[in-house]
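Visitor: my questions are about this predicted structure, shown below with the sequence.
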Amino acid sequence: MLAEYKVNPYSTWDKEMPRIVEDPRYVLINTTRARKDVFTNWCRERIVELKVEKEKTRKQDPRIPFWGFLKGNASAKLYWPEFKRKWKKSSEMKDSKVPDKDKEKMYREYISRKWPAYTTSLRDPS
């Protein structure tokens, strides 16, 4: 019930109680003290869940989706400015967690590993 009403686990009982008082499930618990205890326990559990979720998202490297994007869309025929212009509307290119400078570096590194003969011919005009 508390999750359905999007109760803030960081808030107090006094602030959140008016939001849930009208629900018929509210009266299933007999005393106000018991209701408050249930609320407090739910808040503690929910805060732990939120912290675990936050740790999971924090540990994920934001460059991983961009590497996957390069794997599917990079081409040795395109220089970085052309690639950037072609794919500028994709969500991976719009992602602000990875700076453009790093994206360019990753693109050039990917191209040099995927097509080494192509990149050495570009560097060596002979």
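Guide: Received it, and whenever you're ready, just let me know what you need. In this text, all values refer to a predicted model and were calculated from it rather than measured experimentally. Numbering: from 1, shown residues only.
Visitor: list the buried ones in the longest helix along the chain?
Guide: Assignment by DSSP state H gives helix 32-59 as the longest helix of the chain. For helix 32-59, burial by neighbour count (16 or more other CB atoms under 10 Å) applies to 35, 39, 43, 46. Where you see a C-beta, it was placed from the backbone N, CA and C, and this is true even at glycine.
Visitor: secondary structure class for residue 9?
Guide: Secondary structure, DSSP: H, G, I helix; E, B strand; the rest coil: residue 9 is coil.
Visitor: list phi and psi for it.
Guide: Phi and psi for residue 9, reported as degrees, to the nearest 10, are phi -70, psi -20.
Visitor: do the one 3 residues further on as well
Guide: Residue 12 adopts backbone torsions of phi -100, psi 160, taken as degrees, to the nearest 10.
Visitor: could you pull out the helices for this structure?
Guide: Counting by DSSP H, the segments of the chain that form helices are 13-20, 32-59, 63-73, 80-86, 91-94, 100-114, 116-123.
Visitor: any chance of those in TSV, plus mean pLDDT?
Guide: Listed next are these as TSV, based on pLDDT from 0 to 100:
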stretch	mean pLDDT
helix 13-20	88
helix 32-59	90
helix 63-73	89
helix 80-86	93
helix 91-94	86
helix 100-114	91
helix 116-123	59
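Visitor: would CSV of those helices with distance to residue 3 be doable?
Guide: Formatted as CSV, the helices of the chain follow (distance: least, CB to CB, whole Å):
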stretch, distance to residue 3
helix 13-20, 11
helix 32-59, 8
helix 63-73, 29
helix 80-86, 42
helix 91-94, 29
helix 100-114, 38
helix 116-123, 53
